[in-house]
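Asks: Only the shape, not the letters, is given here:
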């Protein structure tokens with residue numbers, strides 16, 4: 001069981017790394033470069049495609065994290081730390097799904113309809129949708145950092161358990 005739990009935690013940490021690494025790479029590196037060097041609306045066309053593809057990856061990653069939490073709950077006594085991790089993973093999953101299913105498609109539709117951030121009613125709605133995406137992304141990053149810390153804490157606890165005898 002110990003090896004199984006260690007394997008599950010490894011899978012969760014890899015999924016979190018992929019999800020958050022992608023967010024940072026897109027939000028902090030790719031988007032500023034593309035929007036700063038490629039003229040509109042081509043820059044928005046390109047980044048819309050990139051973000052929509054990333055939404056699918058992010059949703060897959062948080063589903064993996066939730067599945068790992070379920071697996072961990074089935075393989076050991078559930079502690080308060082485990083419950084906290086599970087609740088945070090569920091909140092992160094909700095945030096990712098809201099962005100992928102509602103916010104990103106709204107941004108894409110407004111962009112395709114010719115909206116320019118901050119100009120006119122559609123532009124104001126586009127600005128609002130971008131703010132929601134940024135807020136939810138911030139929540140995701142904070143939760144992901146906490147999830148990593150809680151997994152590390154749990155691994156420390158796991159290392160103090162007596163080892164199972166090898167057969």
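Replies: Ah, there it is. Keep in mind that this is a model prediction, so the values were computed, not measured.

Asks: Now do the buried residues in stretch 140-159.
Replies: By neighbour count on 16 or more other C-beta atoms under 10 Å, the buried set for stretch 140-159 is 140, 141, 143, 144, 147, 150, 151, 154. Where you see a C-beta, it was placed from the backbone N, CA and C, and this is true even at glycine.

Asks: residues making contact with it?
Replies: Residues outside stretch 140-159 that contact it (C-beta atoms under 8 Å, 6 or more residues apart in numbering): 2, 5-6, 9, 12-13, 16, 19-20, 23-24, 58, 65, 81-82, 84-85, 88-89, 91-92, 95-96.

Asks: What pLDDT is listed against the spatially closest residue to residue 104 that is not a sequence neighbour?
Replies: Leaving aside its chain neighbours, residue 104 sits nearest to residue 55 (5.3 Å; criterion: C-beta to C-beta, 6 or more residues apart in numbering). Looking at residue 55, its pLDDT is 96.

Asks: So which elements touch the strand or helix carrying residue 8?
Replies: For residue 8, the host element (DSSP states H and E) is helix 2-24. Using 3 or more C-beta pairs under 8 Å, 6 or more residues apart in numbering; DSSP states H and E as the contact criterion, the elements in contact with helix 2-24 are helix 42-75, helix 120-159.

Asks: And the next helix or strand past the first one?
Replies: Using DSSP H and E, the helix or strand that follows helix 42-75 towards the C-terminus is helix 80-98.

Asks: And that following helix, what's buried?
Replies: 82, 85, 86, 88, 89, 92, 93, 95, 96, 97.

Asks: roughly how far apart are the third one and residue 138?
Replies: Looking back up the chat, that one is residue 86. 21 Å (C-beta to C-beta, to the nearest Å).

Asks: picking that back up, which outside residues touch the helix or strand following the helix holding residue 8?
Replies: Beyond helix 2-24 on the C-terminal side, the first helix or strand identified by DSSP H and E is helix 31-37. For helix 31-37, the surrounding residues in contact (C-beta under 8 Å, 6+ apart) are 43, 44, 46, 47.

Asks: Buried subset of the residues you listed, written for PyMOL?
Replies: Those of the contacts of helix 31-37 that count as buried under 16+ other C-beta under 10 Å are selected in PyMOL with:
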select buried, resi 43+44+47
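
Asks: Tell me which two in the contacts of helix 31-37 are the farthest apart.
Replies: 44 and 46 (7.4 Å; C-beta to C-beta).
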